[in-house]
Every structure is written in C-alpha cells, then in structure tokens.
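**Q** Build the 3D model from these lines:
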Amino acid sequence: MSPRRRRPAATRRSPVRRRTRRRGRRQRANERLVGLLVVAVLAVAVVVAVVNWLLVHWWVLVTIGVLTLLAGGVWFHQKQQRARWEAVRTQGLRYGLTQLDALHHTRFEDAVRELMHRDGCQDAVRVGGAGDLGADVKATDPYGRRWVIQCKHRRNGLAGSAVGTPDLQVLNGTARQVHGADIAVIVTNGRVTAPAITFAKQQRLHVVDRDTLGTWAAGSRPLWELLRAVPPPRKPTSLS
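**A** As a prediction, the model looks like this:
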C-alpha cells in the first residue's frame, strides 16, 4: 500500500515545481530586460555627452570634415589614375625585347617616348640628337613629375657594350641643372656595369636595364611603379 500512496503525492507536487521554474524563467527574463535598459540609458547618456562636447568644441567637427574631404579627394584621384591606366592598357601598345633590339637608335628613342605617352605622359617628346645634353626623351607624368630620359640602345642586346659610369655622369650633370628633372633615368636594352649602378644609387639616378625594360614594354605597369624610391607626386596638375 505504501508505494501506491507515494505516487499520488509525487503527482501532486509536480505543479509546484513547474510554477517555481516559470517564476525562475520570468525572473531571469526580467533581469535581462533591466540589464538592456541600463545599457540603453548609458548609451544615450554617452551620446548626449559627446554631442554636448562637440557643440562646445565645434572646431573638431570642422577638422573632421576637412580631413574627410581630403581623404575622399585622394581616394577619388587614385581611382581616376587606376581607371586611366586600365584604359591605357586596353590600347595595347607593347614591345618585345627582340623588337626593341632590332630598332635603330633613333627609333628606340621614339619607342621610349611612345611608352611614356602610353603611361599617361601627354607631353612626352623625343629631343635626342646633336646637342641634346643627355636628354633623349622628356615627359611629365600624371602626378606632375618631370622625367628626363637618356636612351642607350644596343643592337646586340646583352652581347653589346655595357652602359658604364661615364654615361650616367653625363645624365647626372645635365638632367636636373639643365632640364629641370624630378626623375632622371637611363634606359638600355643591354647591360649596365656594377660601378654604374652604384653611381646611380649615390646620385639618385634611375637605371632601367634590360629586364626592367622588358617588363615595362610588355605593358604590365607604368614605369614609375617599376622603379624604387621615385620622388612623391607633386601638386596635381592639369595632367593628373
């Protein structure tokens, strides 16, 4: 008889446990709600405090606005440059090294001028010839930098005579002082001696050797992205 009496007792206690659980769940829900309300009140208080501070220190808003406009201008300018370069690439002006090797030296200068023009240097011009004072090609890039380029063509490519320090000394003596170069470059389809490369680094000259020329002429990137330590852009001009 005792087991039969315990079962009804257990059955009678179960509603009490259910009510206790429900009260516990409601209490936890209420606690979460109170916590959310506290967080919301704190967030509103912080926002009000920040707004009041900014109203007093209004110049901070002006500074943020100016910086935002400048950042937006830089982003837009870079986007334009990328779009311009993509348009240039679709024009398809490319040279292979074997093509460049077979050119006459004056036609090689024309090819360098055409590559600079392809990269967005609208005023690129060949000035090589007698009395050129070390400048075969001049150009202004889309960033306002003035380029002076001396071209050294070797019909035999790597088998031809190497470009040496004397060639760079001529460029170094005239590129900036006479031609007003921001970037002075010597371009060759041949070899460059180690002393000449050392001299170029010392004098802030740039050397485009056969490997770099091949990459540039193939149309992968504009020349200023292939060279190291080029000067920063000048103030944007009508060309940029």
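
**Q** check contacts around Val192.
**A** The neighbours of Val192, taking CB atoms under 8 Å, 6 or more residues apart in numbering as the test, are Ala162, Val163, Ile186, Val207, Asp209. Heads up, the C-betas are built off the backbone N, CA and C, glycines and all.

**Q** export these to a markdown table and tack on neighbour count?
**A** Output for the contacts of Val192, formatted as a markdown table (neighbours: other CB atoms under 10 Å):
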| residue | neighbour count |
| --- | --- |
| Ala162 | 16 |
| Val163 | 23 |
| Ile186 | 26 |
| Val207 | 19 |
| Asp209 | 19 |
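
**Q** Mind putting those residues into TSV with secondary structure, distance to Thr198 and pLDDT?
**A** Listed next are the contacts of Val192 as TSV, based on DSSP: H, G, I helix; E, B strand; the rest coil; distance: CB to CB, whole Å; pLDDT from 0 to 100:
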residue	secondary structure	distance to Thr198	pLDDT
Ala162	coil	14	95
Val163	strand	13	96
Ile186	strand	14	97
Val207	strand	10	97
Asp209	coil	14	96
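
**Q** Domains in the protein, by residue range?
**A** Using automatic domain parsing, the domain parsing of the chain gives 2-87, 94-225.

**Q** Highest mean neighbour count out of those?
**A** domain 94-225 (a mean of 18; mean count of other CB atoms under 10 Å).

**Q** from the chain's centre, how far out does it sit?
**A** 23 Å (CA atoms, centre = their mean, to the nearest Å).

**Q** sorry, back to before: can I get the domains of the chain in CSV including distance to Pro231?
**A** Shown next, in CSV, are the domains of the chain (distance: least, CB to CB, whole Å):
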stretch, distance to Pro231
domain 2-87, 16
domain 94-225, 5
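
**Q** Arg234: which of the ones you listed is closest?
**A** Proximity to Arg234 (CB to CB) singles out domain 94-225 among the domains of the chain, at 3.4 Å.

**Q** which among the contacts of Val192 gets closest to Ala49?
**A** Val207 (59.6 Å).

**Q** Please name the bridge partners of that closest one.
**A** Beta bridges link Val207 to Ile186 when assigned by DSSP bridges.

**Q** what bits of the protein have low per-residue confidence?
**A** Along the chain, segments meeting pLDDT under 70 span 1-19, 77-78, 80-92, 128-132, 235-240.

**Q** between the contacts of Val192, which is nearest Thr63?
**A** Nearest to Thr63 among the contacts of Val192 is Val207, at 43.8 Å by CB to CB.

**Q** The closest one and Gly180: what is the separation?
**A** The spacing between Val207 and Gly180, counted by CB to CB, to the nearest Å, is 21 Å.

**Q** Asn156 too?
**A** Noted for Asn156: a distance of 34 Å to Gly180, by CB to CB.

**Q** now Asn189
**A** Distance, Asn189 to Gly180, by CB to CB: 27 Å.

**Q** Same question for Gly72.
**A** For Gly72, the distance to Gly180 equals 32 Å [CB to CB].
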